[in-house]
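>>> need coordinates for the following:
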Amino acid sequence: MKALHFGAGNIGRGFIGKLLADSGIPVVFADVNDKVINLLNQQGAYNVKIVGEQSKLEQVNHVSGVNSKDENAVIDLFHSVDLITTAVGPTVLKIISSTIAKGLIARIEAGNTQPFNIIACENMVRGTTFLKEQVFTHLTPEQQKQVSEFVGFVDSAVDRIVPPVNAPEDDPLLVTVEEFSEWIVDQTQFKGNIPDIQGMEKTDNLMAFIERKLFTLNTGHAVTAYMGKQKGYQFVRESIEDESIKDFVKAVMQESGEVLIQRYAFDRQAHAAYIEKILKRFANPYLVDDVDRVGREPLRKLSENDRLIKPLRGTLEYKLSHDNLIRAIATALLYRNDSDPQAQELEAAINQEGVEATLRKYTGLQDQDVITRIVNQYHVLTH
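Predicted coordinates for the structure are as follows:
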């Protein structure tokens, strides 16, 4: 087996690429970064520093690279690989969809109908389904039918904190990651045999795990960043070490957790332990993670199906308490970052249209009582 992985950044190399290579699967990384691709081809390996109570350095072997700008070279790889994975970010999935479509057609036209699977490993709900929709916009109805016969588009949930760390000059491909990692895939969507990949867990109820991560890790991470920013902290770790922030973040995750317990019958004690594990990960003294990196793109984080609004909607659905989520959303509305276009757009919308109109515009919320409470909390926080 051989894999083509789109995205040779820290997450691609430090998480998915590493799990594939550790499982004996040669990995070709596709990326637009000339320096990284050249180094991968020159070295054929790179190091991953895993930090925690037992920090260690591990080498990842059997890797190479291809420049994504050379579309023909990428398409040629579709004849020899059995698996495609991505870690490029939600916005880039649409960009690479055209190349993937061309690669699949080239594979079909060459008579290769062996089972083939694509897994988007992105921080989004059902990212592979989104990628499939984008790929299919480049295919005719007949081509869509052919692709559907032998290509599995497999949704997944991924979780590993990989903060940006400047690599030393003598080891430019070094990536630093936390010990914890979780990669869960929808086993019902594969074509052919499911590959045996170390660290990849299979489930037939993926949405439960997608929402567990979204409502806990993602919600808690964002709230920690926004609260930390308000208090003048630079890093997530120092933010969560502030007991008032930690208590609030925990209370928010407990509210979102009640939705999960109602919706998926999660064990209450097990989920409480999961929350404690998340809080411990935020406080990892070996990870230096900037609040602006975690808090960036607030409009996406405030969208209807993302980490703040979706759990709030769940509390409304099940008639659960949500006072802390209300305050968390108000705090997110206060996020300011002159280098983040979404933060600038959010600030401009509030200044020009007001808080209530901005909420309706970006969150999809309709409940007037909830909107009023968020607006009131916003004004409390600004005075």
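>>> state whether residue 47 is indeed within a strand.
Yes - checked against DSSP: H, G, I helix; E, B strand; the rest coil, residue 47 lies within a strand.
>>> quick check: closest non-adjacent residue to it.
residue 174 (5.0 Å; CB to CB, 6 or more residues apart in numbering). From N, CA and C alone the C-beta is placed, and that goes for glycine too.
>>> and the one you found, how many neighbours?
18 (other CB atoms under 10 Å).
>>> pretty sure it contacts residue 168?
Yes - under the criterion of CB atoms under 8 Å, residue 174 makes contact with residue 168 at 6.5 Å.
>>> so this structure: which segments form each domain?
Annotated domains of the chain cover 3-203, 207-381 [automatic domain parsing].
>>> can you count the residues close to residue 222?
A count of neighbours around residue 222, defined by other CB under 10 Å, yields 27.
>>> from residue 206, how far off is it?
Going from residue 222 to residue 206 by CB to CB, to the nearest Å gives 22 Å.
>>> ok, residue 366 next?
For residue 366 relative to residue 206 (CB to CB), the value is 28 Å.
>>> now do residue 255
Distance from residue 255 to residue 206, by CB to CB: 23 Å.
>>> residue 132: what secondary structure?
Classification of residue 132 using three-state DSSP returns helix.
>>> got the contact list for it?
Going by CB atoms under 8 Å, 6 or more residues apart in numbering, residue 132 touches 118, 153.
>>> while we're on it, how confident is the model there?
Confidence at residue 132, expressed as pLDDT, is 98.
>>> distance of it from residue 148?
Look at residue 132 and residue 148: by CB to CB, they are 9 Å apart.
>>> do residue 323 as well
Residue 323 sits at a distance of 46 Å from residue 148 (criterion: CB to CB).
>>> now residue 338
Separation of residue 338 from residue 148 (CB to CB): 46 Å.
>>> swap in residue 264?
With distances taken as CB to CB, residue 264 is found 29 Å from residue 148.
>>> need the residue closest to the centroid of this structure.
The centre of the chain sits closest to residue 123, judged by CA atoms, centre = their mean, with a distance of 1.5 Å.
>>> residue contacts, it?
Listed by CB under 8 Å, 6+ apart, the contact set of residue 123 reads 89, 90, 158, 218.
>>> dump the residues you listed into CSV; add pLDDT, distance to residue 144 and secondary structure as well.
Output for the contacts of residue 123, formatted as CSV (pLDDT from 0 to 100; distance: CB to CB, whole Å; DSSP: H, G, I helix; E, B strand; the rest coil):
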residue, pLDDT, distance to residue 144, secondary structure
89, 89, 25, coil
90, 86, 22, helix
158, 95, 27, strand
218, 95, 32, helix
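>>> for residue 27, state which of those residues is nearest.
Closest approach between the contacts of residue 123 and residue 27, by CB to CB: residue 158, at 16.1 Å.
>>> these two touch, right, that closest one and residue 121?
Yes - counting by CB under 8 Å, residue 121 is a contact partner of residue 158 at 4.7 Å.
>>> neighbour count: the two, which is higher?
Using other CB under 10 Å, the more surrounded residue of residue 158 and residue 121 is residue 121, with 27 against 24.
>>> this completes my enquiry, with thanks.
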